[in-house]
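Engineer: here's a sequence, model it:
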Amino acid sequence: MLSILRKNKILTQISSSSLRNIIANEGSFLLQRNNPYKCFSKLVPSTTTTTFTTNVIVNYGFRSFHNYNYKGVSRQMLRSFSTAAAVAAGEKDAVKVLVTAGSHARRMVGIWLFASAAWVFSMVVLGGVTRLTRSGLSMTDWKFTGSLPPMSAEEWEIEFEKYKQSPEYKRINKGMNIDDFKFIYWMEYAHRMWGRGLGIMFALPFSYFLRKGYITLGLGLRLSGLFALGAGQGLIGWWMVKSGLEEPVSEYAEPRVSPYRLAAHLTSAFVIYTGLLWTALSVVMPEPPTESVAWVQGAAKVRRLALPVSILVGITAVSGAFVAGNDAGRAFNTFPKMGDTWIPDEILSMKPLLRNFFENTATVQLDHRILATASLVSIGSLWWFTRKLDIHPAIKSLIGSTAGMAAIQVTLGITTLLSYVPVSLGSAHQAGALTLLSFMVLLNHTTRRPSLSLLKTLPAIAKST
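Structural biologist: Numbering: from 1, shown residues only. The predicted model follows:
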């Protein structure tokens, strides 16, 4: 034992004899009171004692420590050292718990977060339908708290007269009757009120869980950030709509919202959704599925490949927002060529050059085609390179499902393009993008590194079933 202390640079040769006297004279009295640390209090500071204890247990193990068998050092003392080491190491090694108060609280918070993520998913789909039916510019004003819809024929006429002053009515919908206006108005109104409903659905349970003390500080801050971003979505949405209510520069141009603002609105929704989904998974699944060190190593290899693929999928989804913002899906409705050529001549016609990647219809669609193809190839390659890895069966199944979803999404995109973007296929394609993102989030979450406390309990190889 003394040599261990010297090796850890806690004792000098001079203090060793003093320690023998303390153990011989006071050791049994102190051990009876389950306080072995006082044996060293005259020689070793308390913080150093804790460090020493952890080093002994972790670096030398119980056997080597027990083999010294010095007089007055009992097994009771060893157990006390073991407990202290577990506490000291456990704070660093244990999994970060996001929800306190047991499994019931964790289940309740998890259900609420999954429901919130599903609500955001439906918001994205409803927003896509609103855009595809050209309903987004039907409401020409915006109030943060919302307002009641028109309730009488007179109120409907007032709203219709407001819409008649907009560039969209003058250039595209001139001659529209009141019934057609009611349809696009209800679409936009439903989208706005569905968003406000999400705010209430999120805020009330959040307040309840905070009051009950279920949510840790870290989770509370994360959810507060997501809530603030969600509240800001209303402002971003109106900022986007306002751009479509302005007169276009060219007298021949159709009124449409700014592609930059639409991309900001849609990307923000993607961030909120993926943030909620990741957090919900972390609440209900604090540790990734694993049964051996070999599976952990295999999951690490998958994770290194999955992360860049996920970034590529995210960039592809954002590029789709620029396709929508420029209405580029209704141009070059052929595949694999764009019209009669592989690459249109006008892809770099705008000045400065950078504008082409965000405002040029041909360039925006070409970019999206290239990124979508790259995403499909990358996910297929991920499946190919990991098919023989020793990994958890759930991860293998998830990779296969992700590859299948990528193929479906690309097929949906091509079909939507060839069909001149009908509302049904366009909405399905937008929902498919979010579904593919969901698979990538789930894959990254499932392959994350487990806590050190779990790693220490794993066998080298999983038992065969």
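Engineer: identify the residue nearest G244 in space, chain neighbours excluded?
Structural biologist: Nearest residue to G244 in three dimensions, chain neighbours excluded: V257, at 4.0 Å (C-beta to C-beta, 6 or more residues apart in numbering). Backbone N, C-alpha and C define where each C-beta goes, glycine included.
Engineer: mind checking how far the one you found is from W238?
Structural biologist: According to C-beta to C-beta, to the nearest Å, V257 stands 11 Å off from W238.
Engineer: higher neighbour count, these two?
Structural biologist: V257 (22 against 18; other C-beta atoms under 10 Å).
Engineer: hang on, isn't the more buried one packed against M240?
Structural biologist: Yes - the pair V257 / M240 is scored as a contact, 5.0 Å apart, by C-beta atoms under 8 Å.
Engineer: dihedrals phi and psi, the residue nearest to G275 when sequence neighbours are not counted?
Structural biologist: Once flanking residues are discounted, G275 sits nearest to L226: 5.1 Å by C-beta to C-beta, 6+ apart. Listed backbone geometry of L226 is phi -70, psi -40, with angles given as degrees, to the nearest 10.
Engineer: report the separation between L226 and D367.
Structural biologist: Counting by C-beta to C-beta, the separation of L226 from D367 is 29 Å.
Engineer: the residue nearest to G244 - that's part of a strand, no?
Structural biologist: No - assignment of V257 by DSSP: H, G, I helix; E, B strand; the rest coil gives coil, placing it outside any strand.
Engineer: quick check: domain ranges of the protein?
Structural biologist: When the chain is parsed with automatic domain parsing, its domains come out as 2-93, 103-274, 287-465.
Engineer: will you turn these into a markdown table that also has distance to L281?
Structural biologist: A markdown table is the format used below for these (distance: least, C-beta to C-beta, whole Å):
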| stretch | distance to L281 |
| --- | --- |
| domain 2-93 | 21 |
| domain 103-274 | 8 |
| domain 287-465 | 5 |
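Engineer: and these: which comes nearest A280?
Structural biologist: For these, proximity to A280 was assessed by C-beta to C-beta; domain 103-274 is nearest, at 3.6 Å.
Engineer: what distance separates the start and the end of that closest one?
Structural biologist: Domain 103-274 has an end-to-end distance of 24 Å (C-alpha to C-alpha, to the nearest Å).
Engineer: what's the answer for stretch 160-176, then?
Structural biologist: 10 Å.
Engineer: who's in contact with it?
Structural biologist: 134, 137-138, 140-141, 178, 180-181, 185, 244-248, 254-255 (C-beta atoms under 8 Å, 6 or more residues apart in numbering).
Engineer: buried ones in it?
Structural biologist: 160, 163, 166-169, 173, 176 (16 or more other C-beta atoms under 10 Å).
Engineer: which members of the residues you listed are the farthest-apart pair?
Structural biologist: F160 and P167, at 15.7 Å, using C-beta to C-beta across the buried residues of stretch 160-176.
Engineer: redo the buried residues of stretch 160-176 as TSV? Include secondary structure and pLDDT.
Structural biologist: Converted to TSV, the buried residues of stretch 160-176 look like this (DSSP: H, G, I helix; E, B strand; the rest coil; pLDDT from 0 to 100):
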residue	secondary structure	pLDDT
F160	helix	93
Y163	helix	92
S166	coil	90
P167	helix	91
E168	helix	91
Y169	helix	91
N173	coil	88
M176	coil	90
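Engineer: setting aside sequence neighbours, what's the nearest residue to P308?
Structural biologist: S378 (7.8 Å).
Engineer: so which residues of the stretch 151-300 of the chain form helices?
Structural biologist: For the stretch 151-300 of the chain, the helices defined by DSSP state H, counting those that start in this stretch cover 153-164, 167-171, 178-212, 217-244, 259-284, 293-325.
Engineer: Throw these into TSV and include distance to M350, thanks.
Structural biologist: Formatted as TSV, the helices of the stretch 151-300 of the chain follow (distance: least, C-beta to C-beta, whole Å):
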stretch	distance to M350
helix 153-164	32
helix 167-171	22
helix 178-212	31
helix 217-244	19
helix 259-284	13
helix 293-325	14
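Engineer: of the ones you listed, which is nearest I343?
Structural biologist: helix 293-325 (16.6 Å).
Engineer: what mean pLDDT does the closest one have?
Structural biologist: The pLDDT scores in helix 293-325 average 93.
Engineer: quick one: it to helix 259-284, angle?
Structural biologist: Interaxial angle of helix 293-325 relative to helix 259-284 (axes from the mean of the first three to the mean of the last three C-alpha atoms, to 10 degrees): 150 degrees.
Engineer: what helices and strands are in contact with helix 293-325?
Structural biologist: Using 3 or more C-beta pairs under 8 Å, 6 or more residues apart in numbering; DSSP states H and E, the elements in contact with helix 293-325 are helix 259-284, helix 361-386, helix 393-418, helix 423-446.
Engineer: change it to 6 Å
Structural biologist: Applying 3 or more C-beta pairs under 6 Å, 6 or more residues apart in numbering; DSSP states H and E, one finds that helix 293-325 contacts helix 259-284, helix 361-386, helix 423-446.
Engineer: if we can go back for a sec, do you know how far the residue nearest to G244 is from G325?
Structural biologist: Distance, V257 to G325, by C-beta to C-beta: 7 Å.
Engineer: likewise L417?
Structural biologist: L417 is 16 Å from G325, by C-beta to C-beta.
Engineer: what's the answer for F270, then?
Structural biologist: F270 is 15 Å from G325, by C-beta to C-beta.
Engineer: out of those two, which sits in the busier spot?
Structural biologist: Neighbours were counted for F270 and for G325 using other C-beta under 10 Å; G325 has more, 25 against 18.
Engineer: so what's that one closest to, chain neighbours aside?
Structural biologist: Closest to G325 by C-beta to C-beta, 6+ apart is P259, at 2.7 Å.
Engineer: same check on M139?
Structural biologist: E188 (4.9 Å).
Engineer: list the residues that contact that neighbour.
Structural biologist: 130, 135-136, 138-139 (C-beta atoms under 6 Å, 6 or more residues apart in numbering).
Engineer: what's the neighbour count on the closest residue to S319 other than its chain neighbours?
Structural biologist: In this structure, S319 finds its nearest non-sequential neighbour in H368, 4.7 Å apart by C-beta to C-beta, 6+ apart. By other C-beta under 10 Å, the residues close to H368 number 23.
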